[in-house]
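Novice: All I have is the shape, not the residue letters:
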C-alpha cells in the first residue's frame with residue numbers, strides 16, 4: 001500500500017474517532033468546529049494521570065488517553081516538520097537536531113528549518129487563513145499568516161535571560177543594551193531605572209519596561225519589552241533577574257504584530273546555579289503565563305480559526321533540568337507548575353474558541369528520562385541527534401547481539417543508524433513512550449497504545465495535502481450536522497403536529513362513536529315507535545271498518561225503520 005493510500009485510510013479512521021461529529025441513529029451528539037493540537041514533548045502517561053486526575057479543564061473521565069510508542073529521531077522538530085509538511089518529513093531534506101536546526105547529510109552544514117521547509121506546501125496544506133501556528137519552527141512568519149515563530153531570525157534581536165546583583169542606590173552597566181541599570185528606594189518603594197525608563201517593584205516583579213534600542217553593538221534597533229524579578233539577598237543587596245525578550249515585531253506574522261509583553265518562551269536553565277530553588281520556581285510560574293498571554297493575543301488578532309498548532313516545550317525543558325536534580329520536592333514542584341501551565345493553556349484556548357466547539361489534542365511523541373538500566377549507551381560523540389547515530393560496525397554488531405531494533409539509511413553517501421528501542425540510551429538519556437490525550441471527547445479508545453507515526457498521520461490528515469483535508473471535511477461535517485439538526489427540528493415539529501392531529505382524530509372518533517350509539521338508540525326507538533304506529537294504524541283501520549260497517553247497518557236499520565213507520569202510518573190512514 002503506498003503512502004498516500006495509507007494516509008487516506010488514516011483519515012477515514014481519524015474522522016470516525018476524533019475529528020468528525022459523532023453521529024448516532026437518532027441525533028448528532030457532538031460536532032467540533034475547531035481543533036487545537038498541542039505538541040508537548042516530555043508529557044508522560046503517568047504524569048497526565050497524576051496531575052490531571054482532578055482537573056475540570058482536562059477531564060480525564062471524559063478524555064481518551066493512549067500511550068505513544070516513539071520513533072526516531074527523538075526531537076520535537078521532526079514531528080513539527082512532518083505536520084507542517086503535510087506528509088512525513090524526509091530525512092534527505094535535513095536531519096532535525098535537538099537545537100531546532102536541520103543538518104543536511106553529506107554537507108556537514110546546518111540550516112534554519114523555515115529555510116528548508118517549502119512554505120508553498122505549508123500554505124497549500126494548511127491554508128494560511130485557517131490555521132494558527134504558535135512556536136512551530138518550520139514556519140516563515142514573512143510568508144505564512146497567523147504565525148508566531150519564537151526562533152525566527154532572532155540573532156542580534158534577542159535579549160537572553162540575565163542576572164544582576166545590586167545594592168540599593170547603586171548601578172551597573174549593561175553592555176548588551178549599551179545602557180545602565182539603577183536600583184533605588186523612594187517613598188519606601190523599591191524602584192528600578194534603565195536609562196530613562198523607571199519601574200516600581202511590586203511583589204518582586206517590575207512593571208514592563210520598553211527599551212528603545214538605538215545604539216547597541218549587540219542588538220539591532222527596535223523596541224524590546226522586558227521585565228525584572230527582584231529577590232532580596234539582605235537588607236541592602238538584591239538579585240535582579242530578567243527572563244529576557246525578543247524584539248517586539250520580530251517573531252510575528254504581519255497580522256499578529258502588537259504583542260507588548262516580554263517574549264519568554266523557554267525555561268532559563270542557565271540561571272539555576274545562581275538562584276535558590278524557591279526563586280527558580282517563582283520564575284517558572286511567571287514563565288507559564290507567557291503562553292496564556294501569547295495565545296490570547298494571537299486569537300484576538302486572528303479571530304476564530306479552524307485549526308491551531310502549538311508547540312509547548314516547557315515540559316521537556318523541565319525534564320532536562322530534573323535529570324540532574326536529586327531534590328525530590330523541587331522536582332515535584334517544578335513539574336507541577338509546568339503541568340499547571342499546560343492546563344491553563346488549554347483553558348485559555350477554550351475561553352477563546354469555545355469548549356464545546358473545540359477539540360484539544362495533546363501529543364507527546366516521547367518522554368525524556370535519565371537512563372538507569374539500559375543495554376547500550378551511545379556516547380555523545382557518536383550521536384547525530386537523539387535516535388540517529390553515526391554508522392560503525394561495532395555498534396551494529398552490538399545492536400544485533402542484543403536484539404535491538406534499528407535500521408540503516410544512506411543519505412547523500414553517508415550511512416546513519418536509526419535506533420528504535422528504549423533499551424538504548426543516548427548520552428545517558430532514554431526516550432520512552434509519550435502520550436496522546438483527546439481532551440473532553442467523551443469517548444474511550446478501543447486501544448491503549450499507538451505508535452507516533454500513526455498519530456502523525458492523524459494530525460496530518462487535518463491538512464489539505466490529499467486534496468480534501470480533515471479541516472475542510474470538518475467544516476463540511478459541521479455544515480451537514482447543522483443542516484441535519486435543522487431537518488431534525490423540522491421533523492420533530494411535524495411529528496408533534498401529526499401527533500396532535502392523531503389526538504384530534506381520536507377525539508373525533510370517540511365523539512363519532514358516541515353519536516353512532518345515540519343514532520343506534522334513536523333508530524331502535526324510532527323502529528319501536530313505527531311498530532307502535534303501525535299497530536295503531538291497524539287498530540284505526542279496523543275501527544274505521546267497524547264504524548263504517550256499523551254506520552251502514554244503522555243506516556239500513558234506519559231506512560228499514562223508516563219504511564216500517566211509514567207503512568204503519570199508511571195502514572192507519574187506510575182504515
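Specialist: Nice, I can see it. Keep in mind it's a predicted model, so treat the numbers as computed, not measured. Numbering: from 1, shown residues only.
Novice: C-alpha from now on. contacts and neighbour counts both.
Specialist: Fine.
Novice: Now tell me which helix or strand of this structure has the poorest mean pLDDT.
Specialist: strand 22-23 (a mean of 32; mean pLDDT, DSSP states H and E).
Novice: Now do whichever strand or helix holds residue 278: which elements does it pack against?
Specialist: For residue 278, the element it lies in under DSSP states H and E is helix 277-302. With contacts taken as 3 or more Cα pairs under 8 Å, 6 or more residues apart in numbering; DSSP states H and E, helix 277-302 sits against helix 328-353.
Novice: other SSEs contacting the helix it packs on?
Specialist: helix 45-52, helix 277-302, helix 314-322.
Novice: Including distance to residue 462, could the ones you listed go into JSON lines?
Specialist: As requested, those are exported to JSON lines (distance: least, Cα to Cα, whole Å):
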{"stretch": "helix 45-52", "distance to residue 462": "24"}
{"stretch": "helix 277-302", "distance to residue 462": "19"}
{"stretch": "helix 314-322", "distance to residue 462": "25"}
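Novice: Return the most buried member of the ones you listed.
Specialist: Of all the helices and strands packed on helix 328-353, helix 314-322 carries the top mean neighbour count, a mean of 21, counting by mean count of other Cα atoms under 10 Å.
Novice: what angle do the helix holding residue 278 and helix 328-353 make?
Specialist: Angle, helix 277-302 to helix 328-353, by axes from the mean of the first three to the mean of the last three Cα atoms, to 10 degrees: 10 degrees.
Novice: looking at the helices and strands packed on helix 328-353, which is closest to residue 437?
Specialist: Of all these, it is helix 45-52 that lies closest to residue 437, at 8.7 Å by Cα to Cα.
Novice: for this protein, which spans come out with low pLDDT?
Specialist: Scanning the chain for pLDDT under 70 picks out 1-31, 128-129, 442-447, 464-485, 542-559, 561-563, 565-566, 569-575.
Novice: need the helices for it, in chain order.
Specialist: For the chain, helices defined by DSSP state H occupy the ranges 3-14, 45-52, 76-85, 113-116, 119-126, 277-302, 314-322, 328-353, 393-401, 452-460, 470-574.
Novice: other SSEs contacting the second one?
Specialist: The reference is to helix 45-52. strand 64-69, helix 328-353.
Novice: which residues sit against it?
Specialist: Helix 45-52 is contacted from outside by 58, 59, 60, 65, 66, 67, 336, 339, 340, 434, 435, using Cα atoms under 8 Å, 6 or more residues apart in numbering.
Novice: Out of those, who's the most crowded?
Specialist: residue 435 (30 neighbours; other Cα atoms under 10 Å).
Novice: right, and that one touches residue 363 too?
Specialist: Yes. Taking contacts as Cα atoms under 8 Å, residue 435 lies within contact range of residue 363: 6.1 Å.
Novice: picking that back up, which one of the helices and strands packed on helix 328-353 lies closest to residue 101?
Specialist: Between the helices and strands packed on helix 328-353, helix 314-322 lies closest to residue 101; by Cα to Cα that is 16.8 Å.
Novice: surely residue 306 meets residue 133?
Specialist: No. Assessed by Cα under 8 Å, residue 306 is found out of contact with residue 133, at 11.6 Å.
Novice: Pick out whichever of these two has more residues nearby.
Specialist: More crowded of residue 306 and residue 133, by other Cα under 10 Å: residue 133, with 25 against 21.
Novice: tell me the domain boundaries of this protein?
Specialist: Annotated domains of the chain cover 1-74+118-150+277-371+430-464, 153-250, 373-427, 526-575 [automatic domain parsing].
Novice: Now do the third one: distance to the chain's middle.
Specialist: Right, the one you point to is domain 373-427. 36 Å (Cα atoms, centre = their mean, to the nearest Å).
Novice: residues near residue 501, how many?
Specialist: Number of residues near residue 501 (other Cα under 10 Å) recorded here: 12.
Novice: Also residue 217?
Specialist: By the criterion of other Cα under 10 Å, residue 217 has 12 neighbours.
Novice: which phi and psi does the closest residue to residue 104 other than its chain neighbours have?
Specialist: Leaving out its chain neighbours, the residue that sits closest to residue 104 by Cα to Cα, 6 or more residues apart in numbering is residue 94, at 4.4 Å. Dihedral pair for residue 94: phi 160, psi 140, per degrees, to the nearest 10.
Novice: how close does residue 94 get to residue 163?
Specialist: According to Cα to Cα, to the nearest Å, residue 94 stands 36 Å off from residue 163.
Novice: what about these two, which has more around it?
Specialist: Taking other Cα under 10 Å, residue 94 and residue 163 do not tie; residue 94 has more neighbours (21 against 17).
Novice: wait, doesn't the more buried one sit right on residue 105?
Specialist: Yes. With contacts counted by Cα under 8 Å, residue 94 reaches residue 105, the gap being 6.8 Å.
Novice: How many residues are close by residue 540?
Specialist: Residue 540 has 13 nearby residues by other Cα under 10 Å.
Novice: Thanks a lot, catch you later.
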